[in-house]
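Novice: coordinates only, sequence not included:
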């Protein structure tokens, strides 16, 4: 009997550990290039978080919209996110300005997940801020291919190879901070830094 109880306890303990690991791994994503995040998002805004309210399964952050870069022709007053980090919920600071990229639900509300590009506005550099008004949008016909380990093949002319992830600073590399993947006169896509092709 003792052996049976011990066996059951061990089995339950293993299942518990498996479940904890499963929950911990439930939300995994790699940081997106800001241009790809812009193109994939329904809404891109600069806003200040001014309030927070816990709902049943999510958190509502009241925001003061400062500028709409992409999205509906109306002001967004709140963003919603899961209350659980395992479900990719995000934590925001009150009285801080952010750049938000997110999805618009069927009821018209804006939702954020951990895999979106969410940055303090003050942490974006001048090139990134300027690219939000035109350059990123003009590059949405291009596809940014992530490269985290070599070799990384490019299979089509409309692709740009994002190699920042090979660097120690990852998302803070030169292609994410200063470059956009844009189509040239020949119709192929390449990294552009300012008005010239990006040079490695």
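Specialist: Looks like it came in fine. Since we're looking at a predicted model, the values are computed, not measured.

Novice: all contacts plus neighbour counts: C-alpha atoms, from now on.
Specialist: Will do.

Novice: How many residues are close by the residue lying closest to residue 183 once chain neighbours are set aside?
Specialist: Closest residue in space to residue 183, ignoring its immediate chain neighbours: residue 189 at 4.2 Å, by C-alpha to C-alpha, 6 or more residues apart in numbering. Residue 189 is flanked by 24 other residues according to other C-alpha atoms under 10 Å.

Novice: Pull out the buried positions in stretch 64-82.
Specialist: By 16 or more other C-alpha atoms under 10 Å, the buried positions in stretch 64-82 come out as 64, 65, 68, 69, 70, 71, 76, 78, 79, 80, 81, 82.

Novice: any idea how far the fourth one is from residue 80?
Specialist: Think residue 69. 19 Å (C-alpha to C-alpha, to the nearest Å).

Novice: now do the second one
Specialist: Using C-alpha to C-alpha, we find residue 65 at a distance of 14 Å from residue 80.

Novice: coming back round to it: contact partners for the residue nearest to residue 183?
Specialist: 142, 157, 158, 159, 160, 181, 182, 183 (C-alpha atoms under 8 Å, 6 or more residues apart in numbering).

Novice: Which members of the buried residues of stretch 64-82 occur in strands, if any?
Specialist: 64, 65, 68, 69, 70, 78, 79, 80, 81, 82 (DSSP state E).

Novice: Who does the second one form a beta bridge with?
Specialist: Here residue 65 shows beta-bridge partners residue 47, assigned using DSSP bridges.

Novice: So it is in contact with residue 44, correct?
Specialist: No: Residue 65 is not in contact with residue 44 according to C-alpha atoms under 8 Å; the separation is 10.6 Å.

Novice: ok so, going back, separation between the residue nearest to residue 183 and residue 47?
Specialist: From residue 189 to residue 47 the distance is 31 Å (C-alpha to C-alpha).

Novice: Show me where the protein dips below the pLDDT cut-off.
Specialist: For the chain, applying pLDDT under 70 flags the ranges 1-26, 168-172, 194-200.

Novice: Buried members of the contacts of residue 189 into ChimeraX, please.
Specialist: Buried subset of these, written as a ChimeraX selection, criterion 16+ other C-alpha under 10 Å:
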select :142,158,159,160,181,182,183
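
Novice: can you map out the helices along the chain?
Specialist: 2-24, 34-40, 126-131, 135-138, 174-178 (DSSP state H).

Novice: so residue 109 sits right up against residue 79, yeah?
Specialist: Yes: look at residue 109 against residue 79 with C-alpha under 8 Å: they come within range, at 7.0 Å.
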